[in-house]
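Just a sequence and a predicted model for now, questions to come.
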Amino acid sequence: MTTYITTPIYYVNAQPHLGHAYTTIVADTYARFKRLTGDSVRFQTGTDEHGDKIAEAAASEGVSPKEYVDRISGMFRETWPQLDVEPDNFIRTTDPEHVTTVQNILQQVYDKGDIYFDKYTGLYCTGCERFLTEKELVDGKCPDHQTVPEEITEENYFFKMSRYQKELIDHIKTNSDFITPQRYRNEVLSFLSEPLEDLCISRPTSRLTWGIPLPFDKNFVTYVWFDALINYLTGIGYPHGDNFQKYWGAAEHVIAKDILKPHAIYWPTMILSIGLPLYQKLHVHGYWNVDETKMSKSIGNVIRPAELIDEYGVDSVRYFILREMSFGLDASFSSDAIVTRMNSDLANDIGNLYSRTTAMLVKYCDGVVPEAVAVDDDTVLCDLAATVLQSYRENMGSFQFHRALQAVWELISQANKYIVENEPWALVKDPARQGRLGTVLYNLAETLRLLTLLLQPVMPATCTKMARGLGLDQDSPLVTNLADNGNWGGLVAGTRLEKVEALFPRVAVKNKEQPVNRDKNHKKSSKAGKKQKVTLAEGVIGFDQFQKVQLRVAEIVAAEPVKKSDRLLKLTVKAPEERTIVAGIAKFYRPEELVGMQVLIVANLQPIKLMGVGSQGMVLAAKVEGDEGTRLVLSTVSGSVPPGTPVA
């Protein structure tokens, strides 16, 4: 099997930021996962270096466009190793090979009759570097750049994009996973329901010289999108290179939602004109906000990858952004959120499991992996590992990284629970139970081996350390080959451990100033409040009792039916940590309409299991009686509220 995964080539009018980092880490993680499964993988990223904005940015700095793009492209190239991103190819649109390929394709499409010359008047957005339709404007402005486009009349060359509209619609409808997640597929089909205009693919040299000259008219340069999108072919040696023959049929593109239209409409119609089969999949993700606010240079909240690494470490950053964002939806970055993940998920959960297990192996087994007793019927970790592996494969393969990690953390949680329940420190004191001790410690060591394997794509540096601690080489098939070593029992008894430092030390939480209540009657009102009674439908409770109930705002990031139940839905919510809640609302809500909804939850209920699914809380709903019977209506909030906000 082969995989060809690409990021967009990033426009060099700005330095790398969190959005660039997320897209590239996603592609790198997917590439690493596919290698784990045995695929031959090609991973490509790069920089887009032509167009109006580049020429303007270079002029503002008093340098030539080539000097400018060399500097900014170098910043992108230097950023990826810092994030443990390892592309097989870094392409630049100023590369001579790319210029040649673009001109060859332009000539081919022109000779076919799919390019023509015409006069055009349209609304041009410099930020988008394209003409916008009236339908795309919001209050007369470009929705992405909040600027009024300029009306331009000029003669240009146009690509007959409309010729391939029906063929593209048929392909999208026939191939349900061509554009994922589903909401973006629907968005593209909605756009294609209207007649498709032809695409302006040139700029006159009287207005712009920084671009690739058209091979059939030197008075024009290529429009940036017709140039940039062809990088996906150039980078694998189109048309005759071995890599093109090997990888194009397996091409998958990862993009942010702001460039959906060029990738889902311009690019496929270009490919059809060239006469090639379409790429396999287009994966579209949402935006990263910062403290619930969209990143903006004018606001000053743009986050640079190097700053994140210095503050939190590379693997903490990689884990956080993959776990925190539900692929396709927007997500919010904050210092509090990443520190919470670092202390809870990384330090407390996997860090604690690794250090406790290896410490016991050293103390009780002289640092050697013991034999498991063959007749021992303890299969709790083995059975769960099989379930987790299946979920992991499915979700990593479908870009649901947060769900894949959630499944892995179920195994981590069970392993920590397994230690408490089996008490190896007690078993070691009983000579008659040394076989049982060996089984328990082997099961824990093998769990660590599987975790090292599964987390390789997400946290490669940490997994190198984990492998070394387990006495395995970082390139050992036991931790790099999921296809052959994903089953239980790979770790060999007798393997000697090595001492390694703690995986994830806890991070100190910065103190925050407590809000000062400036009401001079505060003490009096507080005392009076303790005596108040709150009347509920079920009776009267004291205010002290009510204060113990923790109500929070939660965002539903995933929903699915509970097997063998027509009443229950399994909800994954952020509050702000991620948790599972089972709710009896299946008769009143479809899973797909719940994603993105903000609801109210009781956050401090004792966890329980419903139909075999662990539930950590309760969603609040109104019970409405009507002519059609009783229905449940979820309690929501007015306006967007950060997940985890307490309800007063």
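Perfect, I can see it now.

How far away from the center of its chain is stretch 559-568?
26 Å (CA atoms, centre = their mean, to the nearest Å).

cool, stretch 317-331 as well?
The answer for stretch 317-331 is 4 Å, by CA atoms, centre = their mean.

And the strands in the stretch 401-550 of the chain?
533-536, 539-542 (DSSP state E, counting those that start in this stretch).

ok, residues contacting stretch 487-496?
367-372, 382, 385-386, 442, 445-446, 449-450, 470-472, 478 (CB atoms under 8 Å, 6 or more residues apart in numbering). In this view, the C-beta of every residue, glycine as well, is placed from N, C-alpha and C.

Let me fix that, I meant to ask about stretch 409-425.
345, 349-350, 352-353, 356-357, 360, 364, 380-381, 384-385, 388, 437, 440-441, 443-444, 447, 450-451.

Could you pick out which of these are located in helices?
Secondary structure defined by DSSP state H assigns 352-353, 356-357, 360, 364, 380-381, 384-385, 388, 437, 440-441, 443-444, 447, 450-451 of the contacts of stretch 409-425 to helices.

so where do the strands sit in the stretch 51-200 of the chain?
For the stretch 51-200 of the chain, the strands defined by DSSP E, counting those that start in this stretch occupy 89-92, 115-125, 130-132, 150-159, 179-180, 199-200.

Kindly state which of those strands is positioned closest to residue 227.
With CB to CB as the measure, strand 89-92 is the member of these nearest residue 227 (11.5 Å).

which residues sit against that closest one?
Strand 89-92 is touched from outside by 9, 42-47, 49, 69, 73, 77, 80, 98, 231, 234-235, with contacts defined as CB under 8 Å, 6+ apart.

what two of the residues you listed are the furthest from one another?
Most distant of the contacts of strand 89-92, by CB to CB, are 42 and 69, 24.4 Å apart.

rewinding a little: with mean pLDDT added, can I get the strands of the stretch 51-200 of the chain in CSV?
Listed next are the strands of the stretch 51-200 of the chain as CSV, based on pLDDT from 0 to 100:
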stretch, mean pLDDT
strand 89-92, 98
strand 115-125, 89
strand 130-132, 78
strand 150-159, 90
strand 179-180, 97
strand 199-200, 92
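
Out of these, which gets nearest to residue 255?
strand 179-180 (10.2 Å).

which helices and strands does the closest one pack with?
strand 281-285 (3 or more CB pairs under 8 Å, 6 or more residues apart in numbering; DSSP states H and E).

name the helices or strands packed onto the strand it packs on?
Using 3+ CB pairs under 8 Å, 6+ apart, the elements in contact with strand 281-285 are helix 18-36, strand 179-180, strand 251-256.

which stretches of the stretch 151-300 of the chain aren't confidently modelled?
292, 296-300 (pLDDT under 70).

could you pull out the helices for it?
Under the criterion DSSP state H, counting those that start in this stretch, the stretch 151-300 of the chain contains helices at 165-174, 182-192, 224-228, 231-234, 242-247, 260-261, 267-274.

can you redo these as a markdown table with mean neighbour count and distance to residue 336?
Formatted as a markdown table, the helices of the stretch 151-300 of the chain follow (neighbours: other CB atoms under 10 Å; distance: least, CB to CB, whole Å):
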| stretch | mean neighbour count | distance to residue 336 |
| --- | --- | --- |
| helix 165-174 | 14 | 40 |
| helix 182-192 | 16 | 29 |
| helix 224-228 | 26 | 37 |
| helix 231-234 | 24 | 38 |
| helix 242-247 | 16 | 42 |
| helix 260-261 | 17 | 31 |
| helix 267-274 | 21 | 39 |
